[in-house]
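1. Sequence first, predicted coordinates after that:
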2 protein chains.
Amino acid sequence: MMKPLFNRMALIGVGLIGSSIARAAREQGIVRSIVATARSGATRARIAELGLADQVVDTNAAAVDGADLVILCIPVGRCGEVAAEIAPRLAPGAIVTDVGSVKEAVVRDVAPHLPDTVHFVPGHPVAGTENSGPDAGFSELFIDRWTILTPPEGTDPGAVDRLAAFWSAIGANVETMSPEHHDLVLAVTSHLPHLIAYTIVGTAADLAQVTRSEVLKFSAGGFRDFTRIAASDPTMWRDIFLGNRDAVLEMLGTFGEDLAKMTRAIRRGDGDTLFELFTRTRAIRRGIVQIGQDSDTPDFGRPQKRLPPLPRPYMADGE
Amino acid sequence: MMKPLFNRMALIGVGLIGSSIARAAREQGIVRSIVATARSGATRARIAELGLADQVVDTNAAAVDGADLVILCIPVGRCGEVAAEIAPRLAPGAIVTDVGSVKEAVVRDVAPHLPDTVHFVPGHPVAGTENSGPDAGFSELFIDRWTILTPPEGTDPGAVDRLAAFWSAIGANVETMSPEHHDLVLAVTSHLPHLIAYTIVGTAADLAQVTRSEVLKFSAGGFRDFTRIAASDPTMWRDIFLGNRDAVLEMLGTFGEDLAKMTRAIRRGDGDTLFELFTRTRAIRRGIVQIGQDSDTPDFGRPQKRLPPLPRPYMADGE
């Protein structure tokens, strides 16, 4: 029988993503042991309670001792300092990776700290939910989702392949690209949507003319979808916008121009311009469903209640 | 045993909303018979095929003959002309209502055509999915959602109560308010979110730097949620924006100011402003879940695949 892909996986940070990796890697048997750590004592205690790791340690440096796979599952703004902490203790030949939604800033902050004896292969699983913390993870999170690897030039291809095999084994598709291109792609498929969702939820919350209670009650008209995204982890998202400033500002610029066009069409009563856009966008949705990146179940498959049995007064009288 | 609420319900237009009403009203036995019509012959044939009505007729005027409940389930831009068509054939005492997402424009277009002998009670069920047409409806669509009624001053309260009882019987909560206030509330909870979703999907589709294929593949980072909303019916939504111009422009103005604030925070690296908003918006999500307007299932409860059985190479060797 063949060996697992890695002997000892160190998880630094065990939130939604870290705990999903732990659960999936264990279920698939692709790591021999898991050591985990987290900044807060409460989280470390919860990791132990949930049995997510074979060993829970108090410091980042202790976590990487003897690990051949080290995954930083922390907000991107903290990756630099953590790299500095773990660098002296990294085992030669270890693969160091991360799961951050921004890649240029992570490469810039992390790479200078790492010794030449390890392989640095930055990564980003494009998957998640609105929930955070070690309880939020589940082993199926990465199935059919894409993980993007952004190895710097000169990275050992063998290390990239091993990390790709790891992600494949827990269900992900893997693609490699440059950190710059990653940040541009994610600016439009993830960062801009989040910023807009956060903003519109804030707009609705602050209105003078419409009460908070009305916003909540009548949210099924579309607004509630935005609130799910706007419930994502604040620290993680603050760091993403600070870390991917240029690409996000560029996308904001383009979006702003497009929104101005639509605003003008509404002001002028130009129904054709509206209709043309509204027809075109349907094709994008179809494409996403066709390639399996979303379900075609109506309304995302939200749980649907049934009507209670008929009350007597409404029964038809034998027609 | 008591009688059904209405004797003969006429549905003019049988898309997602009309066909959901037909299914729900029949299941609950609250109308004795259903007559339906639609503009296209193909749709009328499909209504008959699906058995959604007891009778399918070719004209709007024929549909309302002898009906004591008439529901316009058509884009708001067509309500005026249809009101003119049906007015001469409406039965005295009939309740005429609609399901449009805009109320001031509907009142303005419809009321002048109707005879004094009928009760005009405009309505709007705040419910839907991204799908359209007679096949898209289902009887549970209105359960726990709100239907807003906007009776003009002087409307017979008995007629409002009967229509409210109808919506309650198919699962909805009912609230009444003025058409003006309805249009302001829906501008923020529905119209602005849709416009933004349509716009950002268009922005992503037109980018030069990121390919269409990349937008689709990496859409699970948030973008795909917007594509569901942006797959809604183009005619219906064109009419909504043309019909609720002033309130939508007002909300766009406020949203634009808020987005400018966030853009500035990103440009200046002002993480505190971002963090403050991102924390505040979580409370809105919690409120919506608490009052039952959305599920707390992560990721809307999207169907989740399981990992296939372990391939041999990844099995741990007896540790």
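-> Good, I have the coordinates. Residues are numbered from 1 along each chain as shown, chains lettered A, B, ... in the order given.

2. Low-confidence ranges, the stretch 101-250 of chain A, go.
-> Across the stretch 101-250 of chain A, nothing is flagged by pLDDT under 70.

3. And the strands in chain A?
-> For chain A, the strands defined by DSSP state E occupy A:6-12, A:31-37, A:55-56, A:69-72, A:95-98, A:119-120, A:123-125, A:146-149, A:173-176.

4. Quickly check: the first one near chain B or not.
-> So the one you mean is strand A:6-12. No: with CB under 8 Å from any CB of the partner chain as the criterion, chain B is not reached by strand A:6-12; the gap is at least 10.0 Å. (Each C-beta comes from the backbone N, C-alpha and C, glycine too.)

5. strands paired with that strand, and their directions?
-> In the sheet, strand A:6-12 lines up against strand A:31-37 (parallel), strand A:69-72 (parallel) (DSSP bridges).

6. tell me the most buried of those strands?
-> Of all the strands paired with strand A:6-12, strand A:69-72 has the most neighbours on average by mean count of other CB atoms under 10 Å in any protein chain shown, namely a mean of 26.

7. what residues does that one touch?
-> Residues outside strand A:69-72 that contact it (CB atoms under 8 Å, 6 or more residues apart in numbering or on different chains): A:6, A:8-13, A:18, A:21, A:31, A:63-64, A:79, A:82-83, A:86, A:90, A:94-100, A:110, A:163, A:166.

8. what about that strand, average pLDDT?
-> What strand A:69-72 shows for mean pLDDT is 98.

9. Contacts only, for A:Ala61.
-> A:Glu85, A:Ile86, A:Pro88, A:Arg89.

10. Could you export the residues you listed as TSV, including pLDDT and neighbour count?
-> Shown next, in TSV, are the contacts of A:Ala61 (pLDDT from 0 to 100; neighbours: other CB atoms under 10 Å in any protein chain shown):
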residue	pLDDT	neighbour count
A:Glu85	98	16
A:Ile86	98	27
A:Pro88	98	10
A:Arg89	98	18
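
11. Let's have these in a markdown table, adding distance to A:Asp270.
-> Formatted as a markdown table, the contacts of A:Ala61 follow (distance: CB to CB, whole Å):
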| residue | distance to A:Asp270 |
| --- | --- |
| A:Glu85 | 58 |
| A:Ile86 | 58 |
| A:Pro88 | 64 |
| A:Arg89 | 63 |
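
12. Quickly name whichever of these is closest to chain B.
-> Distance to chain B, by CB to the nearest CB, is smallest for A:Glu85 among the contacts of A:Ala61, at 21.8 Å.

13. That closest one against A:Asn60, yeah?
-> Yes: under the criterion of CB atoms under 8 Å, A:Glu85 makes contact with A:Asn60 at 4.8 Å.

14. Could you chop chain A up by domain?
-> Domain ranges of chain A: A:6-177, A:181-297, per automatic domain parsing.

15. Which one, of the ones you listed, ends up nearest to B:Pro151?
-> domain A:181-297 (17.8 Å; CB to CB).

16. From start to finish, how long is the closest one in a straight line?
-> 32 Å (CA to CA, to the nearest Å).

17. returning to what we had before: which members of the contacts of A:Ala61 are positioned in helices?
-> Within the contacts of A:Ala61, residues falling in helices by DSSP state H are A:Glu85, A:Ile86.

18. For A:Val289, grab the count of nearby residues.
-> A:Val289 sits with 18 neighbouring residues when counted by other CB atoms under 10 Å in any protein chain shown.

19. Look up how far B:His113 lies from the residue nearest to it when sequence neighbours are not counted.
-> Closest residue to A:Val289 apart from its sequence neighbours, by CB to CB, 6 or more residues apart in numbering or on different chains: A:Asp296 at 4.7 Å. Applying CB to CB, to the nearest Å, the value for A:Asp296 to B:His113 is 40 Å.

20. Which residue of those two possesses the greater neighbour count?
-> B:His113 (19 against 13).

21. correct me, but A:Gly77 touches A:Trp237?
-> No: using CB under 8 Å, A:Gly77 is not in contact with A:Trp237; the gap is 10.7 Å.

22. of those two, who's got more company?
-> A:Trp237 (23 against 20).

23. ok, now which ones touch the more buried one?
-> With CB under 8 Å, 6+ apart, A:Trp237 has these contacts: A:His194, A:Tyr198, B:Leu274, B:Phe278.

24. any idea which of the residues you listed has the most stuff around it?
-> A:Tyr198 leads the contacts of A:Trp237 on contacts (other CB under 10 Å) with 28 neighbours.
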